[in-house]
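Undergrad: Any chance you can model this:
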Amino acid sequence: MIRDTLWVEAGDVRLAVYVSGPRDAPPIVLVHGYPDSAAVWEPVRAQLDARYRVISYDVRGAGASGAPQSRAAYRLERLAADLAAVADATSGARPFHLVGHDWGSIQCWEAVTDPAFKGRIASYTSISGPCLDHASFDLRGGPGAGAGAGHAGQPKARQAAKRPFGSGLRQTLKSWYIFFFHLPLLPELVWRAGGARLWPLWLRLTERVRPERDPAQTRNAINGLNLYRANFIDKLLHPRARHAHAPVQFIVPLRDRYVGPELSIGLEGWLGPYSRTEIDAGHWVVLREPERIAAGIERFVELHRGQRPADSAGPGTSTINARAAGV
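TA: The predicted structure follows:
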């Protein structure tokens, strides 16, 4: 399938957008993480674009997209505005199915929980990227995920699943790199001094994948540090009550070195009933097992195809908590 490149103006940046698949097919928007570019989705695209209109884009600061001057321009609300601009340019008024991996997943939660997107997102598949607000409330032991609070005007969701003892400490240890990325200058020095050049080797050793070398790897890594610095401390100190308005599924790699499976447990208070499938895989499963990921995306898209997005995750939907050999 031929892939077209579009250029979309999104406020202070111009975004590189990549589109393939039949024009009249259901649109699926894929959002990449750190320190990747949209190229990370190409193996998944190859599995989907015979049946769907597949849209990916380099997020601001990555790949061929423009980079803003200020750190504040990487805040979650600006990233959600970028998604809206891409959807407007590629899907118009049609609802689209959304998929995020790593930081792509983190930033997509902003749209999935923003009332301004209600009716636009037909379904959301999250892979290895929690909502920072939900995670912050959980760390504080405050209201939300485990409280069983329903959406306004809806019945309360069934009792949320309990997280294993010690899961918070385990996730803190997994998140060591977040603390490192907040240090001044040192992360940039590491990436420039050889980290970017050695990144494919790191993926081969830890994830058993052989990605093609990304000529923008240094740029992706250094600009993308602003994603962490502009958002993590703010959300840790000032979390917001964020309820999803679209049906959600988690694909949960159990051998993820960076995001523990517990972060997708007990979220009924924020999401209502949702789908969750555990798989025996590592963090970069989108590169290692694209067929598996595409199958999981397609199954969820077909489940919610043709439904009104605002109604498809209603209280009658069952929560699925499955451990699968394949998605």
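Undergrad: quick check: longest helix of this protein.
TA: Once the chain is assigned using DSSP state H, the helix that runs over the most residues is helix 217-237.
Undergrad: buried set for that helix?
TA: 217-232, 235 (16 or more other C-beta atoms under 10 Å). For glycine as for every other residue, the C-beta is placed from the backbone atoms N, C-alpha and C.
Undergrad: what does stretch 12-27 give?
TA: For stretch 12-27, the neighbour count (16+ other C-beta under 10 Å) marks 13, 15-21, 26-27 as buried.
Undergrad: just the helices in the stretch 101-250 of the chain please.
TA: 103-112, 132-140, 167-174, 176-181, 186-190, 196-207, 217-237 (DSSP state H, counting those that start in this stretch).
Undergrad: what ranges do the strands span in the stretch 201-327 of the chain?
TA: Remark: strands assigned in the stretch 201-327 of the chain by DSSP state E, counting those that start in this stretch are 248-253, 275-279, 320-324.
Undergrad: Spit out the contact partners of residue 296.
TA: 125, 249, 251, 277, 327 (C-beta atoms under 8 Å, 6 or more residues apart in numbering).
Undergrad: What confidence value was assigned to the closest residue to the first one other than its chain neighbours?
TA: When you say that, I think you mean residue 125. Of all residues not flanking residue 125 in the chain, residue 99 sits nearest, at 4.4 Å (C-beta to C-beta, 6 or more residues apart in numbering). In this model, residue 99 is scored at 98, pLDDT.
Undergrad: Residue 99 and residue 272, how far apart?
TA: Distance of residue 99 to residue 272, given as C-beta to C-beta, to the nearest Å: 19 Å.
Undergrad: Looking at those two now, which is surrounded by more residues?
TA: Per other C-beta atoms under 10 Å, whichever of residue 99 and residue 272 has more neighbours is residue 99, with 31 against 24.
Undergrad: residues in contact with the host helix or strand of that one?
TA: Assessed by DSSP states H and E, residue 99 sits inside strand 96-101. Strand 96-101 has contacts (C-beta under 8 Å, 6+ apart) with 26-33, 36, 40-41, 52, 55, 83, 87, 106-109, 111-112, 120-129, 246, 286, 297, 300-301, 304.
Undergrad: Now do the strand or helix carrying residue 86: distance to the chain's middle.
TA: Per DSSP H and E: residue 86 is located in helix 76-91. Its chain's C-alpha centre lies 14 Å from the corresponding centre of helix 76-91 when counted by C-alpha atoms, centre = their mean, to the nearest Å.
Undergrad: same question, stretch 206-226
TA: Taking the mean of its C-alpha atoms, stretch 206-226 sits 17 Å from the chain's own mean (C-alpha atoms, centre = their mean).
Undergrad: Use 409 as the first number from now on
TA: Yep, numbering from 409; the last one is stretch 614-634 now.
Undergrad: re earlier: make TSV out of the buried residues of stretch 420-435 and add secondary structure, pLDDT and distance to residue 700.
TA: As requested, the buried residues of stretch 420-435 are arranged in TSV below (DSSP: H, G, I helix; E, B strand; the rest coil; pLDDT from 0 to 100; distance: C-beta to C-beta, whole Å):
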residue	secondary structure	pLDDT	distance to residue 700
421	strand	98	33
423	strand	98	28
424	strand	98	27
425	strand	98	26
426	strand	98	22
427	strand	98	24
428	strand	98	20
429	coil	97	20
434	coil	97	20
435	strand	98	22
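Undergrad: what's the closest of these to residue 588?
TA: Comparing the buried residues of stretch 420-435 against residue 588 with C-beta to C-beta picks out residue 421 as the nearest, at 26.4 Å.
Undergrad: correct me, but the closest one touches residue 473?
TA: Yes - Residue 421 is in contact with residue 473 according to C-beta atoms under 8 Å; the separation is 6.2 Å.
Undergrad: separation between the residue most central in space within the chain and residue 672?
TA: In the chain, the centroid-proximal residue (C-alpha atoms, centre = their mean) is residue 513; its distance is 1.0 Å. Using C-beta to C-beta, one gets 10 Å for the distance from residue 513 to residue 672.
Undergrad: Between its first and last residues, what's the separation in stretch 656-665?
TA: Using C-alpha to C-alpha, to the nearest Å, the end-to-end distance of stretch 656-665 comes to 23 Å.
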